[in-house]
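Student: structure here, sequence nowhere to be found:
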(Lines give C-alpha, C1' and ligand atoms only; values in the text may rest on other atoms or scores of the structure.)
Protein backbone atom coordinates (compact mmCIF):
# COMPACT_ATOMS: atom_id res chain seq x y z
CA UNK A 1 0.00 0.00 0.00
CA UNK A 2 1.48 3.30 -1.09
CA UNK A 3 0.19 6.76 -0.31
CA UNK A 4 0.97 9.87 -2.32
CA UNK A 5 1.31 13.03 -0.21
CA UNK A 6 0.14 16.15 -2.02
CA UNK A 7 2.01 19.41 -1.55
CA UNK A 8 -0.58 20.80 0.86
CA UNK A 9 0.20 18.01 3.34
CA UNK A 10 3.90 18.89 3.28
CA UNK A 11 3.15 22.61 3.55
CA UNK A 12 0.80 22.19 6.53
CA UNK A 13 3.44 20.05 8.26
CA UNK A 14 5.64 23.16 8.13
CA UNK A 15 2.99 25.79 8.86
CA UNK A 16 2.44 26.65 12.53
CA UNK A 17 -0.46 29.01 11.79
CA UNK A 18 -2.99 26.15 12.13
CA UNK A 19 -1.74 23.85 14.92
CA UNK A 20 -4.48 21.24 14.32
CA UNK A 21 -3.67 20.86 10.64
CA UNK A 22 0.04 20.95 11.35
CA UNK A 23 -0.23 18.08 13.86
CA UNK A 24 -2.29 15.98 11.44
CA UNK A 25 0.09 16.69 8.56
CA UNK A 26 3.19 15.91 10.60
CA UNK A 27 1.61 12.66 11.75
CA UNK A 28 0.79 11.72 8.14
CA UNK A 29 4.27 12.50 6.85
CA UNK A 30 6.08 10.76 9.71
CA UNK A 31 3.81 7.69 9.57
CA UNK A 32 4.48 7.24 5.87
CA UNK A 33 8.20 7.87 6.28
CA UNK A 34 8.47 5.24 9.01
CA UNK A 35 6.26 2.79 7.14
CA UNK A 36 8.13 3.29 3.87
CA UNK A 37 4.73 3.79 2.25
CA UNK A 38 4.92 7.50 1.39
CA UNK A 39 5.40 8.89 -2.09
CA UNK A 40 5.94 12.43 -3.31
CA UNK A 41 7.19 13.86 -6.58
CA UNK A 42 9.73 16.44 -7.62
CA UNK A 43 6.71 18.70 -8.21
CA UNK A 44 5.84 18.45 -4.49
CA UNK A 45 9.44 19.25 -3.54
CA UNK A 46 9.46 22.29 -5.83
CA UNK A 47 6.09 23.59 -4.67
CA UNK A 48 7.00 23.17 -1.01
CA UNK A 49 10.34 24.97 -1.56
CA UNK A 50 8.58 27.98 -3.07
CA UNK A 51 5.84 28.13 -0.42
CA UNK A 52 8.29 27.46 2.42
CA UNK A 53 10.54 30.37 1.48
CA UNK A 54 7.98 32.84 0.11
CA UNK A 55 4.78 32.28 2.11
CA UNK A 56 5.93 30.59 5.31
CA UNK A 57 9.06 32.77 5.43
CA UNK A 58 11.22 29.82 6.42
CA UNK A 59 14.96 30.42 6.12
CA UNK A 60 16.48 28.69 3.09
CA UNK A 61 18.60 26.35 5.28
CA UNK A 62 15.41 25.16 7.02
CA UNK A 63 13.70 24.47 3.69
CA UNK A 64 16.79 22.66 2.39
CA UNK A 65 16.84 20.53 5.56
CA UNK A 66 13.15 19.69 5.14
CA UNK A 67 13.76 18.76 1.51
CA UNK A 68 16.49 16.34 2.60
CA UNK A 69 14.10 14.76 5.10
CA UNK A 70 11.37 14.44 2.46
CA UNK A 71 13.80 12.60 0.20
CA UNK A 72 13.43 9.60 2.53
CA UNK A 73 10.03 9.12 0.89
CA UNK A 74 9.85 7.56 -2.56
CA UNK A 75 10.33 10.52 -4.92
CA UNK A 76 8.82 10.26 -8.41
CA UNK A 77 10.76 12.24 -10.99
CA UNK A 78 8.57 14.30 -13.31
CA UNK A 79 9.42 13.06 -16.78
CA UNK A 80 8.16 13.93 -20.25
CA UNK A 81 5.99 10.80 -20.11
CA UNK A 82 4.34 12.04 -16.90
CA UNK A 83 3.76 15.48 -18.41
CA UNK A 84 1.96 13.85 -21.34
CA UNK A 85 0.01 11.55 -19.02
CA UNK A 86 -1.03 14.56 -16.93
CA UNK A 87 -2.59 16.12 -20.02
CA UNK A 88 -4.53 12.91 -20.63
CA UNK A 89 -5.65 12.78 -16.99
CA UNK A 90 -6.72 16.42 -17.14
CA UNK A 91 -8.81 15.70 -20.22
CA UNK A 92 -10.36 12.55 -18.73
CA UNK A 93 -11.25 13.94 -15.30
CA UNK A 94 -11.47 17.69 -15.86
CA UNK A 95 -9.15 18.56 -12.98
CA UNK A 96 -6.37 21.14 -13.11
CA UNK A 97 -3.14 20.33 -14.89
CA UNK A 98 -1.17 20.50 -11.61
CA UNK A 99 -3.58 18.10 -9.87
CA UNK A 100 -3.37 15.88 -12.94
CA UNK A 101 0.42 15.82 -12.66
CA UNK A 102 0.11 14.79 -8.99
CA UNK A 103 -2.35 12.05 -9.99
CA UNK A 104 -0.06 10.86 -12.80
CA UNK A 105 2.92 10.68 -10.44
CA UNK A 106 0.91 8.74 -7.88
CA UNK A 107 -0.38 6.39 -10.56
CA UNK A 108 3.15 5.76 -11.85
CA UNK A 109 4.28 4.80 -8.32
CA UNK A 110 1.37 2.40 -7.82
CA UNK A 111 -0.26 4.44 -5.06
CA UNK A 112 -3.70 3.42 -3.85
CA UNK A 113 -4.34 6.59 -1.81
CA UNK A 114 -3.79 10.31 -2.39
CA UNK A 115 -3.73 12.50 0.71
CA UNK A 116 -4.89 15.89 -0.45
CA UNK A 117 -7.07 18.81 0.43
CA UNK A 118 -7.56 19.72 -3.24
CA UNK A 119 -9.75 16.86 -4.47
CA UNK A 120 -12.95 15.58 -2.86
CA UNK A 121 -12.55 12.91 -0.21
CA UNK A 122 -13.74 9.59 -1.57
CA UNK A 123 -13.24 10.54 -5.19
CA UNK A 124 -11.35 8.01 -7.28
CA UNK A 125 -8.76 8.92 -9.92
CA UNK A 126 -6.10 6.87 -11.68
CA UNK A 127 -6.52 3.92 -9.32
CA UNK A 128 -6.27 6.08 -6.18
CA UNK A 129 -8.85 7.10 -3.63
CA UNK A 130 -8.54 10.69 -2.43
CA UNK A 131 -8.56 11.33 1.28
CA UNK A 132 -8.50 14.65 3.07
CA UNK A 133 -6.80 13.97 6.41
CA UNK A 134 -8.09 17.26 7.84
CA UNK A 135 -11.76 16.27 7.53
CA UNK A 136 -13.04 14.29 10.49
CA UNK A 137 -14.76 11.05 9.54
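Tutor: Received it, and whenever you're ready, just let me know what you need. In this text the structure is predicted, and so the values were computed from the model without any measurement.
Student: please count neighbours and contacts with C-alpha atoms only from this point.
Tutor: OK.
Student: beta-bridge partners for the residue found closest to residue 5 once you drop the neighbours it is linked to in the chain, please?
Tutor: If the residues on either side of it in the chain are set aside, residue 5 comes closest to residue 115, at 5.1 Å by CA to CA, 6 or more residues apart in numbering. Beta bridges link residue 115 to residue 5, residue 131, judged by DSSP bridges.
Student: burial count for residue 26?
Tutor: Other residues within reach of residue 26, judged by other CA atoms under 10 Å, total 17.
Student: just give the closest residue to it, not the sequence neighbours.
Tutor: That would be residue 13: by CA to CA, 6+ apart, it lies 4.8 Å from residue 26.
Student: in this structure that neighbour contacts residue 22, no?
Tutor: Yes. Residue 13 is within contact range of residue 22, at 4.7 Å (criterion: CA atoms under 8 Å).
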